[in-house]
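Enquirer: Okay, predicted coordinates and the sequence, questions at the end:
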Amino acid sequence: MQLKIQYYALMREQAGRSEESLDTSAATPADLYRELTARYGFTLAREQLKVAVNSEFSDWSRRLTAGDAVVFIPPVAGG
Amino acid sequence: MHFRFAQTAIDTGPARLELLDSGAGGYVSFEGWVRNHNEGHEVTRLEYEAFQELAVKEGERIVAEALRRFPVKRAVCIHRVGTLTVSEMAVWVGVSSAHRGEAFEACRFIIDEVKHRVPIWKKEHYRNGDSGWVNCERCAAAPSVAHDHPSHHFEPAVSTTHK
């Protein structure tokens, strides 16, 4: 299954890229984060993040489908 | 649009005009500025980055909530992205209303919620050459604390760079 992942802030730096298309068997955003943490060594625990699928906040247990765009959201600091 | 991003210096003149309403008796605004220090570090500049597609949606929801919760006329919030130096404006909130009390309250509500909820990040650059993503680097060093207090990282109080 092909997914589009975008990275921001600390996670962009740790992944060394701002986006990628990924062929994965991850069924949920939680699975995907586990897979990507193994690859890139993300230092943030999943509990510190939110996740968005197709530009809307999502549950970690949502079933991903081909073509979904996933963004992990590190602790925010606007203002 | 009631919430938007600015790639260059925020121009409050036109933004203020968006708040005009014949039923309004005044408006309240808040400007967030880049401060030259944070938690003992001398800050020289900030980089703001946003997941703009979702940030605009969430920002619009916050303004809509403010308009529902408080009897105000109009509200606008503009947030900078890019590199900012000390004393530059990072965010502007303006609210007009018939009476001042609710305008102050709604303005406070909007800036507080924006800091908590909108996917915007800032990287501080320090005089000594170090840099760090606010709310991320120390959390990464001590994730066990974060697990006990899952909402901590969306609190604005500890690590913000202006008042």
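Expert: That came in fine, so what should we check first? Computed from a predicted structure; not experimentally measured. Numbering: from 1, shown residues only, chains lettered A, B, ... in the order given.
Enquirer: Next, work out how far apart A:Thr65 and chain B are.
Expert: Relative to chain B, A:Thr65 is positioned 19 Å away (criterion: C-beta to the nearest C-beta, to the nearest Å). From N, CA and C alone the C-beta is placed, and that goes for glycine too.
Enquirer: any idea of the pLDDT on the spatially closest residue to B:Glu105 that is not a sequence neighbour?
Expert: Leaving out its chain neighbours, the residue that sits closest to B:Glu105 by C-beta to C-beta, 6 or more residues apart in numbering or on different chains is B:Phe70, at 5.6 Å. At B:Phe70, the pLDDT value in this model is 98.
Enquirer: list the contacts for B:Phe70?
Expert: Applying C-beta atoms under 8 Å, 6 or more residues apart in numbering or on different chains to B:Phe70 gives the contacts B:95, B:97, B:102-103, B:105-106, B:109.
Enquirer: what's the answer for A:Ala27, then?
Expert: A:Ala27 makes contact with A:63-64, according to C-beta under 8 Å, 6+ apart.
Enquirer: Quick check: the gap between it and A:Trp60.
Expert: Applying C-beta to C-beta, to the nearest Å, the value for A:Ala27 to A:Trp60 is 11 Å.
Enquirer: burial measure for residue 10, as a count.
Expert: All of this refers to chain A. Look at A:Leu10: counted by other C-beta atoms under 10 Å in any protein chain shown, it has 23 neighbours.
Enquirer: meant chain B, my bad for not saying
Expert: B:Ile10 has 19 neighbours, counted by other C-beta under 10 Å.
Enquirer: Return the residues of chain A in contact with chain B.
Expert: Residues of chain A lying near chain B by C-beta under 8 Å from any C-beta of the partner chain: A:6, A:8-10, A:12, A:43-45, A:47-48, A:50, A:52, A:55-57, A:71, A:73-79.
Enquirer: low-confidence ranges in chain B?
Expert: B:138-163 (pLDDT under 70).
Enquirer: So which residues of it form strands?
Expert: Assigned by DSSP state E, chain B shows strands spanning B:3-6, B:26-33, B:37-38, B:41-50, B:74-80, B:82-85, B:89-97, B:120-126, B:131-133.
Enquirer: Next, format those strands as a markdown table and append mean neighbour count and distance to chain A.
Expert: What follows is the strands of chain B, written out as a markdown table (neighbours: other C-beta atoms under 10 Å in any protein chain shown; distance: least, C-beta to the nearest C-beta, whole Å):
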| stretch | mean neighbour count | distance to chain A |
| --- | --- | --- |
| strand B:3-6 | 18 | 10 |
| strand B:26-33 | 17 | 5 |
| strand B:37-38 | 16 | 11 |
| strand B:41-50 | 18 | 6 |
| strand B:74-80 | 24 | 6 |
| strand B:82-85 | 14 | 12 |
| strand B:89-97 | 24 | 5 |
| strand B:120-126 | 23 | 3 |
| strand B:131-133 | 20 | 4 |
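Enquirer: about what we covered before: from the residues of chain A next to chain B, which would you call buried?
Expert: A:6, A:8-10, A:12, A:43-44, A:48, A:50, A:52, A:55, A:71, A:73-79 (16 or more other C-beta atoms under 10 Å in any protein chain shown).
Enquirer: out of the contacts of B:Phe70, who's nearest chain A?
Expert: Set against chain A, the nearest of the contacts of B:Phe70 by C-beta to the nearest C-beta is B:Phe109 (13.0 Å).
Enquirer: so how far is B:Val72 from the closest residue to B:Phe109 other than its chain neighbours?
Expert: The shortest distance from B:Phe109 to any non-neighbouring residue, by C-beta to C-beta, 6+ apart, is to B:Ala66 (5.2 Å). Separation of B:Ala66 from B:Val72 (C-beta to C-beta): 7 Å.
Enquirer: ok now do A:Thr65, which residues does it touch?
Expert: A:Met1.
Enquirer: Let me fix that, I meant to ask about B:Arg61.
Expert: Applying C-beta under 8 Å, 6+ apart, no residues contact B:Arg61.
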